[in-house]
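In: Just a sequence and a predicted model for now, questions to come.
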Amino acid sequence: MSVNLNNQVAIAEKHSTVATSHYKIVIVGGGTAGLTVASQLSRKLNSKEIAIIEPSRKHYYQPLWTLVGGGEVSKESTERNEADYIPKGNTWIEDAVTEFYPEENYLLTHDGKRIIYDFLIVAPGIQIDWDKIKGLKESLGKDGVGSNYSYQYVDKTWENIKNFAGGTAIFTQPPPPFKCGGAPQKIMYLADDYFRKSGVREKTKVIYTSAAAVSFQVKKYANTLDKVIARKGIETKYRHNLIEIKSETKEAVFENLDTKEKLTLHYDMIHVTPPQSSPNFIKRSPLANPDGWVDVDKQTLRHNRYPNVFSLGDASSLPTSKTGAAIRKQAPVLVKNLLSAIQGKPLTAIYSGYTSCPLVTGYGRLVMAEFDYDLKSEETFPFDQSKERLSMYLVKKYLLPQVYWHGMLKGRM
């Protein structure tokens with residue numbers, strides 16, 4: 001009895017902390033989704049009624065990390081100060097959320113703050129689970145092991161490619177979910193190009209190991225990628241998932257997802273796309289569905305159980321590829337529906353599931369994949385985007401970063 005009483009007292013003290021504040025709208029996450037929505041809402045509401053909870057002081061344009069790994073741009077060019085993109089008037093709470101209490105309309109933070117809200121937007125992004133591959137965390141950035149999914153190590157990918165003298169180069173793709181469905185392949189195609197340019201491709205075996213059964217989930221674009229793979233002479237091992245890195249012997253251990261048999265491959269360099277999942281504080285919260293994602297209606301983006309809660313971006317349960325382009329289409333739907341909810345009106349804006357994967361197939365070549373929930377093409381340009389094009393590569397390298405920094409994050413689109 002005394003233990004239970006002590007627990008109750010501790011919980012009561014925690015929840016009655018004096019560090020309490022109240023906002024009309026609280027946004028959890030100051031990444032792509034959180035800032036885009038905050039900027040759009042600030043153009044329509046009193047910006048002082050909005051708070052953003054985000055612990056990081058830096059903001060990154062991660063889609064360019066493929067080109068950082070390929071030696072095309074510097075990683076520093078992808079970094080900005082978070083403070084420069086918090087909308088004027090919004091309160092930035094530089095803290096991390098630990099617990100949600102949606103029945104009572106408040107949450108708790110790591111620093112002991114109790115934040116009360118009228119409406120909540122949950123957009124903390126996705127979690128990188130380095131520890132789920134045995135030996136990966138210890139070997140990352142050393143002896144040919146790299147990953148474009150870390151700002152700290154993304155330039156190591158370029159070092160590995162640039163200094164590669166021949167041998168076996170492996171590129172991995174885990175089971176979904178992970179950021180951008182085509183990202184694990186893009187760096188492989190750039191590496192293949194560079195190996196040819198540096199004269200080592202003839203003494204190199206390039207292996208693509210993927211947990212998927214096909215090169216891409218949309219057949220129109222998969223047809224092109226299959227031709228690229230064949231043209232480049234890349235060896236594929238589908239339905240194989242990386243489970244261990246043995247850095248001492250330079251071996252990678254894979255599991256066949258159908259037979260459960262193990263396959264060990266030697267590597268001289270390996271680019272790893274790490275497993276990813278919903279952030280732990282989301283998984284254990286009342287907001288999560290059984291798979292750990294914020295449980296929202298896939299069309300309206302409103303929570304299926306808590307009508308004053310909305311979510312978008314990588315942490316949401318929306319069944320589409322997790323990309324910044326998807327957020328660009330999700331944000332205006334969420335904003336319109338949230339404003340309707342505030343006014344007590346029906347939600348009429350509908351998200352189609354649109355997403356985009358700019359599939360780099362080499363230096364100066366890109367397939368601009370755009371599709372919806374039904375895996376049907378939803379293309380922007382008046383030509384067949386399944387073809388490799390220099391123009392689309394230039395769009396990715398030069399235009400999309402400007403759209404991101406000066407358009408999306410500023411609420412202009």
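Out: Structure received. Residues are numbered from 1 along each chain as shown.
In: And for residue 383, the neighbour number?
Out: 11 (other CB atoms under 10 Å). Glycine gets a C-beta too; all of them are placed from N, C-alpha and C.
In: Need the three-state assignment for it.
Out: coil (DSSP: H, G, I helix; E, B strand; the rest coil).
In: Show the pLDDT at it.
Out: For residue 383, the model assigns a pLDDT of 97.
In: What does it show for phi and psi?
Out: Main-chain dihedrals, residue 383, degrees, to the nearest 10: phi -150, psi 170.
In: domains in this protein, as residue ranges please.
Out: 2-126+279-342, 128-277 (automatic domain parsing).
In: Can you lay out these as JSON lines showing mean pLDDT and mean neighbour count?
Out: Output for the domains of the chain, formatted as JSON lines (pLDDT from 0 to 100; neighbours: other CB atoms under 10 Å):
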{"stretch": "domain 2-126+279-342", "mean pLDDT": "93", "mean neighbour count": "19"}
{"stretch": "domain 128-277", "mean pLDDT": "97", "mean neighbour count": "18"}
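In: Can I get those in a markdown table including distance to residue 390?
Out: Shown next, in a markdown table, are the domains of the chain (distance: least, CB to CB, whole Å):
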| stretch | distance to residue 390 |
| --- | --- |
| domain 2-126+279-342 | 14 |
| domain 128-277 | 13 |
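In: Which one, of those, ends up nearest to residue 386?
Out: The closest of the domains of the chain to residue 386 is domain 128-277. By CB to CB, the value is 5.0 Å.
In: Ends of that closest one, what's the gap?
Out: End-to-end span of domain 128-277 (CA to CA, to the nearest Å): 7 Å.
In: can you pull the contacts of residue 375?
Out: 217, 218, 219 (CB atoms under 8 Å, 6 or more residues apart in numbering).
In: same check, this time on residue 241
Out: 174, 175, 209, 211, 254, 255, 257.
In: quick one: it from residue 207, how far?
Out: 14 Å (CB to CB, to the nearest Å).
In: which residues do the two both contact?
Out: Here residue 241 and residue 207 have no joint contacts, going by CB under 8 Å, 6+ apart.
In: for residue 127, phi and psi?
Out: Note on residue 127: backbone dihedrals following degrees, to the nearest 10 are phi -100, psi 130.
In: so it touches residue 279, yeah?
Out: Yes - with contact defined as CB atoms under 8 Å, residue 127 counts as touching residue 279 (4.6 Å).
In: ok, the contacts of residue 375 vs residue 380, which is closest?
Out: Comparing every one of the contacts of residue 375 with residue 380 (CB to CB), the shortest separation belongs to residue 218, at 15.1 Å.
In: Please save the CA atoms from the helix or strand encompassing residue 188 in CSV.
Out: Using DSSP states H and E, residue 188 falls within helix 183-197. Provided in CSV are the C-alpha atoms of helix 183-197 (Å, rounded to 0.1, in the frame of the first residue of the first chain):
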residue,chain,number,x,y,z
ALA,A,183,16.9,6.9,-51.1
PRO,A,184,18.8,3.6,-50.5
GLN,A,185,19.2,3.1,-54.3
LYS,A,186,20.2,6.7,-55.2
ILE,A,187,23.6,6.7,-53.6
MET,A,188,24.3,3.3,-55.2
TYR,A,189,23.8,4.7,-58.7
LEU,A,190,26.0,7.7,-57.9
ALA,A,191,28.7,5.4,-56.6
ASP,A,192,28.6,3.2,-59.7
ASP,A,193,29.0,6.3,-61.9
TYR,A,194,32.0,7.5,-59.8
PHE,A,195,33.6,4.0,-59.8
ARG,A,196,33.5,4.1,-63.7
LYS,A,197,34.9,7.7,-63.7
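In: C-terminal to it, what's the next element?
Out: Criterion used, DSSP H and E; the element after helix 183-197 is strand 204-210.
In: any idea of the angle that following strand forms with helix 183-197?
Out: Angle, strand 204-210 to helix 183-197, by axes from the mean of the first three to the mean of the last three CA atoms, to 10 degrees: 170 degrees.
In: what residue is smack in the middle of this protein?
Out: residue 179 (3.6 Å; CA atoms, centre = their mean).
In: Spatially, what comes nearest to that residue if we skip its sequence neighbours?
Out: Residue nearest to residue 179 in three dimensions, not counting chain neighbours: residue 322, with 5.3 Å by CB to CB, 6 or more residues apart in numbering.
In: That's all I had, so thanks and see you.
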